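Undergrad: Got a predicted model here, sequence first, then my questions.
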Amino acid sequence: MHEQPRGPLAIPEEVIQFETGRTTADWCVLLDASEAVTFSHAQLIEHLERIYGLETRWASTVAVRYEAARGIEREVAVPADLVAAMIFKSAARRRFEQLPRAEQHNLLLWLDEAADSRERQARIAEILAHLSEATGSQ
């Protein structure tokens, strides 16, 4: 079974174009011309904000989509609350570690978009449930 993209990769292309004024392919051409493949994720976001005037939310979205399109894999820093939640869920932790870096990053972006600590805890529970289902364990 093929999983559907989540986070910035799940946003329809029409929305990206409407909100940013360009398609993902257009952004890739512009960013390639700026040698953005050499940028860190933070530098890429800052570049999109400073040079193209994107709001942080859309700069981050374009950055993730660019990195995915170019196959750029970043090391993912897992937040302490998610690490703690996975301590006794070793199968879920192993499944998370086996995910492609882009998918790990998307899950963490989604987690970080939680409005408050209650929503964040609910999202952690949802991530663990999703990972547990994927491994066939509880």
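TA: On my side now, so go ahead. Numbering: from 1, shown residues only.
Undergrad: can you list the domain ranges for the protein.
TA: 8-69, 80-135 (automatic domain parsing).
Undergrad: Do me a favour and get the end-to-end distance for the longest one?
TA: This points to domain 8-69. Using C-alpha to C-alpha, to the nearest Å, one end of domain 8-69 lies 12 Å from the other.
Undergrad: taking the mean pLDDT, what do you get for that domain?
TA: For domain 8-69, the mean per-residue pLDDT is 93.
Undergrad: Can I get the domains of the chain in a markdown table including mean neighbour count?
TA: Every C-beta, even on glycine, is put in place using the N, C-alpha and C of the backbone. Listed next are the domains of the chain as a markdown table, based on neighbours: other C-beta atoms under 10 Å:
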| stretch | mean neighbour count |
| --- | --- |
| domain 8-69 | 16 |
| domain 80-135 | 15 |
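Undergrad: report the longest helix in the protein, please.
TA: In the chain, with assignment by DSSP state H, the single longest helix is helix 117-135.
Undergrad: other SSEs contacting it?
TA: For helix 117-135, the packing partners by 3 or more C-beta pairs under 8 Å, 6 or more residues apart in numbering; DSSP states H and E come out as helix 80-86, helix 90-98, helix 101-112.
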